[in-house]
Structure formats: structure tokens, C-alpha cells
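Novice: This is a predicted model, with the sequence first.
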Amino acid sequence: MAAKIQGKCQVYLLAVPKRCMLMAEILDGVALAKRIKDDIKKEIVQKNLEVGLAVVLVGNDPASRIYVNNKKKDCEECGISSVEYIFSESASQEEVIALIQRLNSDKQINGILIQQPFPSHIDVFTVNESVSPLKDVDAFRADTVGRIAVGSYGFLPCTPAGVMELIHSTGVPVAGKECVVVGRSNIVGKPMALMLLNESATVTICHSRTRDLGDVTRRADILVSAAGRAGLITAEMVKKGAIVIDVGMNRDKNGRLCGDVDFEGASKKADYITPVPGGVGPMTRALLMKNTLTAKSLQS
Ligand code: GUN
């Protein structure tokens, strides 16, 4: 299980620096995700693999429904079979775990994804821990996250892994850079910081109790915001020439999808910036496909 895949990772170069431009280079997550998915499909076809992902949804969250449908489409594009399991809002934790245990021993299923958030009566930690470590394609198990800390892992969590791909696509080396991560969630902020640290960055994690957020973010050569608050990162909080990665997925006052970063303002300061939508979101899904293929090889 302790297969280390980091060394084999291919770096996809997407952006070319444009030193004379005032506006930042936009990091196109849709284009980069497509290249990753095309490579996955090629490998599946060339090796004649049968790869399966189980997608589990509990309840009626409309956003989760959309995410699950998008993940199913990605599976189709990559030649991965997906099987969907939908529970009603009132399903018990025991029912959900019983399904996961069945999927853990199903040879047709290589990866198990349980879409979050769950209804409040279901304990996220207990459900995540019930997924087999060999099928934990979300990389949400505690031991999977712990493996990142020691640099020996099978899976990386999809969103931070997608962010690393976006950063690598700039061609800017991470080693020695000041990196600031805003947000300390178990699924994005904490693993993100570990992954940047593993690449020899100097890393700071900020959160809701950080005293002067701008004071810290202005030091960032690479700024990753995963706070989930529209308008949190303004232009004056961004260092000139920075790489700005926006993981936020919020609604503005007009109901439109937006990130944490003031895109217009920050793109006048940054060298590279991700849009929302079209930045990190498609990359998260592409890395889920990559993890599912990795799961297949770990189980073979
Ligand atoms: N809900 C929001 N993002 C994610 C994700 O990456 N995986 C799962 N399982 N649920 C989510």
C-alpha cells in the first residue's frame, strides 16, 4: 500500500510567463484536467484495464447531486465504469457503512467515493474510516492523510493534488518559496500545507483566528485560499508576482459562483491566478480519476 507515486508524477506545463503583461496568466483548470483525463484514458485503453468507481450519495443536497453527475461524466470520458448508490436523507449510518463494507470486498470496484456533506446524524469520521485504505480515492482516511506527512502514500487528496498540478503547470519551482494556505480543513488546508512542505516550501497556515490575515498573505509567493468566504482575499492582500490559487466555491450576492479571491483586483498583482469556475474544480475531479486508476494498480 505504501507505494510512493510522487516520483513518477508527470508535470503538465500549461502556462508560459508573460513578463511584460500587467494582467496575470490565467491557469485554465479545464484544459489541464482534460490533458490529465486524456492520459488516463490512453493508459486504460493501452493496458486494456477494467476500472470501477462507486459513487455514494446520501440525501438531497442539490450541489452534491451536480458534483456526482460531473464525476460520472468524468468516468465516462476516462473509460472508468461508475456505479451510483443513492440513499435518502433519513438513511442510517449503519446502512451506509454496510454498503461500504460490501463495496470494500467487491472486485469490480476499485475506488469508493462518498459525496460530502452528509446529513447531520451521520458521523463523517466513522464513515470515512470504513472505506478500505486500498479504495480510499478521496484520501480522507486519517491514516491516508498521515501518510502524506511522512511522504509515503498511495493516494493524495484530490483538491490539494489538483492545486499542486496547477502550481507545477506554471513551471515556477516550489522549493524555497513562501507559501500561505488560508483554511485548515482536514480535506484541503492541512494536506495542502503538507504537500507544499514535502516540496521544500516555507509554509504558513492561516485560519479564522489569524490576527492580521493580509500581513501574512502579502508575504506569499504562492497563495492558496480555501476558506470558503467570497471576497476574503482582496488585491492589497496579494504580493506582486504571486501565484494565486482559489479553492473557494461560494455564491456572490447575485447568486453567481465565485471563489474567495477578488479575481479582478488580484489578477492585476499576481503573475498567475486561477478562475472560479474553471480553475481548481475540474482539477479535483481529474485527480479523482487518477486516484481511481492508482487504486486499480494498488489492487492488482
Ligand atoms: N464534497 C466537496 N468536495 C468533495 C470531495 O472532494 N469529495 C467528496 N467525497 N465530497 C466532497
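Specialist: Looks like it arrived, so ask away.

Novice: Give the residue spans of the stretch 101-250 of the chain that score low on pLDDT.
Specialist: Confidence mapping of the stretch 101-250 of the chain against pLDDT under 70 gives zero matching residues.

Novice: from it, which residue is nearest to the ligand?
Specialist: As assessed by C-beta to the nearest ligand atom, the ligand sits closest to Q116 within the stretch 101-250 of the chain, at 3.7 Å. For the C-beta atoms, the positions are set from N, CA and C on the backbone; glycine is no exception.

Novice: Correct me if wrong: that residue contacts V124.
Specialist: Yes: if you go by C-beta atoms under 8 Å, Q116 and V124 touch, sitting 6.7 Å apart.

Novice: Show me which of these two is the more surrounded one.
Specialist: Between Q116 and V124, counted using other C-beta atoms under 10 Å, the more crowded position is Q116 (17 against 14).

Novice: Look at the more buried one and tell me its secondary structure.
Specialist: When classified by DSSP: H, G, I helix; E, B strand; the rest coil, Q116 comes out as coil.

Novice: Now do the contacts for the residue of the stretch 101-250 of the chain closest to the ligand.
Specialist: Contact analysis of Q116 by C-beta atoms under 8 Å, 6 or more residues apart in numbering lists 64, 124.

Novice: mind redoing it with 10 Å?
Specialist: 57-58, 61, 64, 67, 122, 124, 127-128, 138, 140, 187 (C-beta atoms under 10 Å, 6 or more residues apart in numbering).

Novice: where does it fall, phi/psi-wise?
Specialist: The phi/psi pair for Q116 (degrees, to the nearest 10) reads phi -110, psi 150.

Novice: Go through the contacts of Q116 and single out the one with the most neighbours.
Specialist: For the contacts of Q116, neighbours were counted using other C-beta under 10 Å, and V58 has the most, 25 neighbours in all.

Novice: Residue numbers of the protein in contact with the ligand?
Specialist: Within the chain, the positions near the ligand by C-beta under 6 Å from any ligand atom are 113-116, 138, 158-159, 284.
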